[in-house]
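> Just a sequence and a predicted model for now, questions to come.
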Amino acid sequence: DQQVKQNSPSLSVQEGRISILNCDYTNSMFDYFLWYKKYPAEGPTFLISISSIKDKNEDGRFTVFLNKSAKHLSLHIVPSQPGDSAVYFCAASPYNFNKFYFGSGTKLNVKP
Amino acid sequence: GAVVSQHPSRVICKSGTSVKIECRSLDFQATTMFWYRQFPKQSLMLMATSNEGSKATYEQGVEKDKFLINHASLTLSTLTVTSAHPEDSSFYICSAQTLAGAPYEQYFGPGTRLTVT
């Protein structure tokens, strides 16, 4: 039973445009949501997070939006750059961060 | 930044043998380490959580006698796949948390590709 889902396995975007990566979850007890970025042959690296008490968190070109009623979050990257091309994982955690549940990832390709 | 290494990066073993995978935090003390498994095009599935000096907590459906986890020090955790079978072939990845960092942060190793023939 997958509690965090990323339904788009891949996304292709032109450089300079906006990339929107989506994530859905089923467990209303999740308290924290995170996005990780993964390059080939490397482990995922933390990108940005959001607490369940917020609906938006922004860090430079990256913004995460949370819609608790829809159990949906999204990551916006604007403007997209070729170096953003990677696999992006969405993850969720309860308040004590003793477990993390991951989506299956979305492979983003930013075309020059 | 915090660095986590895994060794080996790739391993091929014969069915019935055991394989040990090491996860090391290189520049910080890892109070908690997580072990994940990833099948192709699927999510990272948490297998177990280990805290230094105590027994690992396994997720439902993960056989603790098959996947032995040892967290002997604050910088090293090992996963041993015992009596490996072809269905154990997968990508295994560890991550580490530190009390010095934000509680939600975990630092991942690069992963180990296990192939059982």
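Received it, and whenever you're ready, just let me know what you need.
> for residue 111, what are its contacts?
Let's take chain A. Taking CB atoms under 8 Å, 6 or more residues apart in numbering or on different chains, we find A:Lys111 in contact with A:12-15, A:82. Just so you know, the C-beta spots here come from the backbone N, C-alpha and C atoms, and that holds for glycine as well.
> Oops, wrong one, chain B.
Neighbours of B:Gly111 in contact, by CB under 8 Å, 6+ apart: A:43, B:6, B:9, B:38, B:91-93.
> Quick check: it vs B:His7, distance?
11 Å (CB to CB, to the nearest Å).
> Same check on B:Met33?
14 Å.
> who has more neighbours, those two?
B:Met33 (30 against 14; other CB atoms under 10 Å in any protein chain shown).
> just checking, that one touches B:Cys23?
Yes - with contacts counted by CB atoms under 8 Å, B:Met33 reaches B:Cys23, the gap being 6.1 Å.
> and for the two, which residues touch both?
B:77, B:94, B:96.
> where do the strands sit along the chain?
No chain in the question, so chain A it is. Using DSSP state E, the strands of chain A run over A:4-5, A:10-14, A:19-25, A:32-38, A:45-51, A:56-59, A:62-67, A:72-77, A:86-93, A:101-102, A:106-111.
> that answer is for a different chain, and I need it for chain B
Remark: strands assigned in chain B by DSSP E are B:4-7, B:10-13, B:19-25, B:32-38, B:44-51, B:57-58, B:67-73, B:76-81, B:90-97, B:107-108, B:112-116.
> So the last one, near chain A or not?
Spelled out, that is strand B:112-116. No - figure legend: strand B:112-116 not in contact with chain A (CB under 8 Å from any CB of the partner chain); closest approach 9.9 Å.
> could you give the angle of that strand to strand B:90-97?
150 degrees (axes from the mean of the first three to the mean of the last three CA atoms, to 10 degrees).
> for the record, mean pLDDT for strand B:112-116?
Strand B:112-116 shows an average pLDDT of 96 in the prediction.
> what residues does chain B put near chain A?
Checking chain B against chain A by CB under 8 Å from any CB, the hits are B:4, B:6, B:9, B:32, B:34, B:36, B:41-46, B:49, B:93, B:95, B:97, B:103-111.
> Verify the contact between B:Glu52 and B:Ile69 for me.
No - judged on CB under 8 Å, B:Glu52 makes no contact with B:Ile69 at a distance of 11.7 Å.
> what about these two, which has more around it?
Counted by other CB under 10 Å, B:Glu52 and B:Ile69 do not tie: B:Ile69 has more neighbours, with 23 against 16.
> And the residue lying closest to that one once chain neighbours are set aside, how close does it get to chain A?
Nearest in space to B:Ile69, with sequence neighbours left out and distances taken as CB to CB, 6 or more residues apart in numbering or on different chains, is B:Ala56 at 3.9 Å. Using CB to the nearest CB, to the nearest Å, B:Ala56 is found at 13 Å from chain A.
> and B:Ala56, what does it touch?
By CB under 8 Å, 6+ apart, B:Ala56 lies in contact with B:35, B:48-50, B:64, B:69, B:71.
> Most neighbours among these, which one?
Compared across the contacts of B:Ala56, B:Trp35 has the highest neighbour count, 27 neighbours, by other CB under 10 Å.
> Contacts only, for residue 28.
By default, I'm working from chain A. Contacts of A:Ser28 (CB under 8 Å, 6+ apart): A:68, A:71.
> hm, I was asking about chain B
So B:Phe28 contacts B:2, B:96, B:98, B:100-101, B:107 (CB under 8 Å, 6+ apart).
> All set, thanks.
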